[in-house]
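S.K.: Dropping the sequence and predicted coords here.
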Amino acid sequence: MSTQRAVAAWTATGTLAAAAVVALADPNQPGRYPSCPTRLLTGLDCPACGTLRGLHELSRGHIAAALDHNVLLLAAVPFGLWLWFRWARTATTGTPAPAVVYPRWVMPVMVTVAVTFTVARNLSIPALTWLDAA
């Protein structure tokens, strides 16, 4: 087995093990996982707050509940899966994936969305409470 294939196999094993832990060990139960450092230090939700609970809900097939924890999962999960499968295909076949060229505006838009989302979910405006990580 080539080194690339071994790395892909071990990464797949680790990913599946981590997914199983998140699926089985409910993050809503206190003490199961470490707290978000941003929330601990500032008391504010970061753009990723609620992601672990959202992934737990996704593992149960509860899409609405997952998005209630972090609405950015709607874009992050498919993108993450795409990146992972792209990498795994390259690692297992040895054939590099075609280069993806993003327009120059993609990164500034992603940063703007993350910053806007973070600010909006931390405002004390009743109309925005659905963005909370709770």
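M.R.: Happy to help now that I have it.
S.K.: Any stretches of this protein with poor pLDDT?
M.R.: Where the chain drops to pLDDT under 70, the residues are 1.
S.K.: Contact partners for the closest residue in space to Thr38 that isn't next to it in sequence?
M.R.: Of all residues not flanking Thr38 in the chain, Cys46 sits nearest, at 4.0 Å (C-beta to C-beta, 6 or more residues apart in numbering). Bear in mind the C-beta positions are built from the backbone N, C-alpha and C, glycine included. Cys46 sits next to Cys36, Thr38, Arg39, Thr118 when contact means C-beta atoms under 8 Å, 6 or more residues apart in numbering.
S.K.: Would you convert those into a markdown table that also reports secondary structure and distance to Thr15?
M.R.: Shown next, in a markdown table, are these (DSSP: H, G, I helix; E, B strand; the rest coil; distance: C-beta to C-beta, whole Å):
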| residue | secondary structure | distance to Thr15 |
| --- | --- | --- |
| Cys36 | coil | 21 |
| Thr38 | helix | 24 |
| Arg39 | helix | 25 |
| Thr118 | helix | 27 |
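S.K.: any chance of the residues you listed in JSON lines, plus neighbour count?
M.R.: Output for the contacts of Cys46, formatted as JSON lines (neighbours: other C-beta atoms under 10 Å):
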{"residue": "Cys36", "neighbour count": "18"}
{"residue": "Thr38", "neighbour count": "15"}
{"residue": "Arg39", "neighbour count": "13"}
{"residue": "Thr118", "neighbour count": "18"}
